[in-house]
Structure formats: C-alpha cells, structure tokens
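A.B. asks: Give me coordinates for this.
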Amino acid sequence: MRIAPKTIESDLREALHTSPPVDAWPDPVTRVTAGVTRRRRQRFLAATASAALVAGVAVAGTGLITHRPAPTTAVAGAEPAAAPQVLRRSPREDRQACRLDDVDSAQWIVRSALWGLSTGLAVRPHNSERCTLSGVPQLSGVNAATGALEPVAAAGAGPLDSSVARQFPATIDPGEAARVEIRGVKCAAGQTPRSYRDLVLTAGAEKISLPASRRLDGVCGADVSQWFVEPPMLYAALNATLRAPAVLRRGEEFTYTVRVDNVYARDYSLSPCPVYVLGIEATEIGSWQRVDCTASGIDGHDSVTFTLQGRIPPDIEPGPHKLSWMAVTGAGEAVVADMGTSGTAVIVTR
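C.D. replies: Okay, the predicted model is just below:
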C-alpha cells in the first residue's frame, strides 16, 4: 500500500501544531544571577537558625547557673573570744608496766605547729601492746664543777604548767610517746647554783639518757613530773585549707581565707560559730577570735570560706615560715588547716 506524500506532510504539520511548547533555556547571565541569589538566601536562613539555637542554649545555660546553689559560702569578720576547751581522748585504764630495757635515750620533741605534742622530753617504749608508765623517775647528772655523777635535788617549786593537757599515768599504745617534764629551779638569795650535764632518768632498774643538748645551768635543784601522756585532740570531720599571700612583711596586716570542706554527706553544725587562732609555726600571733559566721552549718559535701585578717609580728625573723590555723567548733572538736604540711608556707621579709 502506498501512502501519499501529501498525507504524511499533513500529519506532520498537525502533530507539530498540537504539541506543547518547549521552554527555552535562559541566557547565561540570567542563569548565574538566579543561582547566586538562591545560595545567598540558603546561607542566610542557615545562619539565622544557628544563631537562634545558640541563643536558646545560652539562655538555658544561664538559667541553670542562676538556680544552682553556690558550692561555697563566703563569710567574713571575727570578734575576740576566750580560749576554748578542746575535746581530747578519754583517760585509759592502767595496763601492764611498760618495759624500758630496750630504750637507750629519750627524745627532745619541738612543737612545730599550734597542734600536736608540746615541746619536751618523750620516751617511746618498744612494747607491742598498750602499757603503762607510772611514778616519778629520778634525775641525776654530772656536776659541771666536780665532774661527779650525782642526783639532782628535788626543788618542790609547785605544779607544772597548766597549758599542756596531761593524763596521769602514761597509758600508751605502741609507738606513742610517754612524757616527763623537768623544770630547773632558780636559786634564792644566799644559795649556791649548780650546773649539770649528761642528764639521766632512772625508772626502776632502767636508766634513760637525755639528749646532750639538755642541761641544767645555774639551778638549785629541779622538779621532775610523773610520767604522763599528752592525749590527742578530737578532730571534726572537716578539712581546712588556708590561702594567704606568698610573701609577707614584718608588721604587715594581711587578708587570708580559710576554706572548710565537709567531706561527708551529713550536715555539720556551726552553732555556735567556731573560735580560731592564727600562728606562725607553734607561736600564736594573735588572740582567739570567734568567726562572725552567717551560716548555721555546712551541708553535706559543701564548704564555707572564712575571710579573715592577720598580722605578722614586727620582730619575727625574716625567711621561710609556716602559717598555722586552728579552730574549735561549738562541739569542742578541732579543725586544723593544712595539717598534712604542718601549715601554709610563706616568706617573711623585712
């Protein structure tokens, strides 16, 4: 069958006439301009969304900080107070007598802070169990004038210094120190003074040599105490840290802080407010003061910071020193700052 050329031409013209028109490509300038505008609009929207998100986070964070309780409460100020009574270990019952046959010499302890053992003689028996030293040892020494070893006469000058806590007799645990105090007595008018070296204490059959640095010079006898133990203080379940300028001048007044941390979950009462004293090594450099605290206690795992004033004595020797700070709570328990380092290191200048 033949199809007429005219028919084919007529069909083609009709198809082209009824087909939808094809969109033409825009010119290159129009295409570039449209793309740039579209990308700018997308970047603007993205930046706006990011800024809104950051602002929302910042507002939320600020709200959290504002409503969270501060971990440390700052208080300041103090007023004079009487020296407190510190709770100490209760007296112990007597035990078997301590053996002194393996003790060659006594120690001379020098107090280095406001807490701890007082300066004086100490004997540490090597017993493996708790034991008791009782009675009054006899003191003898080499007379510096004659070179003879002789007893030192008892002077009977009266009671010992009451500033040191003592329990009689000395019932001690292994490694704990039994103490004894020796006090030389000055001569009255018309008496002849004597001096002694190489001092020895005799307790029963045992003799204990004193350090060579211990002498009695120009005395008319000496008082020797009974054996006693210096009971340790009872400490509060609190940690304290002192912060002060690293360099201080003699005679200078300065501000320092003491942060007291309650490391346990239970609250610790501060009613009445604690009393405290500041010292350099073992020497108090001010009177006892009562902190003017506004908080009635320290919550569990919380802390309080005291902002306080101190003054360096004008006659202290320049050089390295340690500030020591001790407080006593209303319950009679001691709080010591920086006990592990025996105080806070400072340098004192002229």
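
A.B. asks: Need phi/psi at Thr341.
C.D. replies: phi -110, psi 10 (degrees, to the nearest 10).

A.B. asks: Could you count how many residues lie near it?
C.D. replies: Close neighbours of Thr341, defined as other Cβ atoms under 10 Å, add up to 10. For the C-beta atoms, the positions are set from N, CA and C on the backbone; glycine is no exception.

A.B. asks: Show the contacting residues for it.
C.D. replies: Lys322 (Cβ atoms under 8 Å, 6 or more residues apart in numbering).

A.B. asks: show me what contacts Tyr268?
C.D. replies: By Cβ under 8 Å, 6+ apart, the neighbours of Tyr268 are 236-238, 262, 297-298, 329.

A.B. asks: Narrow those to those that are buried.
C.D. replies: Buried subset of the contacts of Tyr268 (neighbour count, 16 or more other Cβ atoms under 10 Å): 236, 238, 262, 298, 329.

A.B. asks: Ranking helices and strands of this protein by mean pLDDT, which lands last?
C.D. replies: Least confident helix or strand of the chain, by mean pLDDT, DSSP states H and E, is helix 28-67 with a mean of 41.

A.B. asks: mind giving me a markdown table with the buried ones among the contacts of Tyr268 and columns for secondary structure?
C.D. replies: Formatted as a markdown table, the buried ones among the contacts of Tyr268 follow (DSSP: H, G, I helix; E, B strand; the rest coil):
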| residue | secondary structure |
| --- | --- |
| Ala236 | coil |
| Leu238 | strand |
| Asn262 | strand |
| Ile298 | strand |
| Thr329 | coil |
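
A.B. asks: Considering those, which is situated nearest to Pro80?
C.D. replies: Thr329 (17.9 Å; Cβ to Cβ).

A.B. asks: mind listing the helices for this structure?
C.D. replies: 5-18, 28-67 (DSSP state H).

A.B. asks: Show the contacting residues for the closest residue to Glu252 other than its chain neighbours.
C.D. replies: Leaving aside its sequence neighbours, Glu252 sits nearest to Ile312 (Cβ to Cβ, 6 or more residues apart in numbering; 5.2 Å). Listed by Cβ under 8 Å, 6+ apart, the contact set of Ile312 reads 248-252, 254, 280, 285, 348.

A.B. asks: tell me the domain ranges of this structure?
C.D. replies: The record's domain parsing of the chain by automatic domain parsing lists 74-81+233-349, 107-224.

A.B. asks: would you list those in JSON lines and tack on distance to Ala97 and mean pLDDT?
C.D. replies: JSON lines is the format used below for the domains of the chain (distance: least, Cβ to Cβ, whole Å; pLDDT from 0 to 100):
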{"stretch": "domain 74-81+233-349", "distance to Ala97": "27", "mean pLDDT": "94"}
{"stretch": "domain 107-224", "distance to Ala97": "6", "mean pLDDT": "93"}
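
A.B. asks: Next up, the contacts around the closest residue to Pro91 other than its chain neighbours.
C.D. replies: Nearest residue to Pro91 in three dimensions, chain neighbours excluded: Gln167, at 4.9 Å (Cβ to Cβ, 6+ apart). Residues near Gln167 by Cβ under 8 Å, 6+ apart: 91-92, 228-231.

A.B. asks: and the nearest residue to Ser303 once chain neighbours are set aside, what are its bridge partners?
C.D. replies: Residue nearest to Ser303 in three dimensions, not counting chain neighbours: Asp261, with 4.5 Å by Cβ to Cβ, 6+ apart. Under DSSP bridges, the beta-bridge partners of Asp261 are Asn239, Ser303.

A.B. asks: Touching, Asp261 and Ala240? I think so.
C.D. replies: Yes. Counting by Cβ atoms under 8 Å, Asp261 touches Ala240, with 7.5 Å between them.

A.B. asks: between these two, which one's more packed in?
C.D. replies: Ala240 (20 against 17).

A.B. asks: quick one: the more buried one and Ala188, what's the gap?
C.D. replies: Going from Ala240 to Ala188 by Cβ to Cβ, to the nearest Å gives 48 Å.

A.B. asks: Thanks a lot, see you next time.
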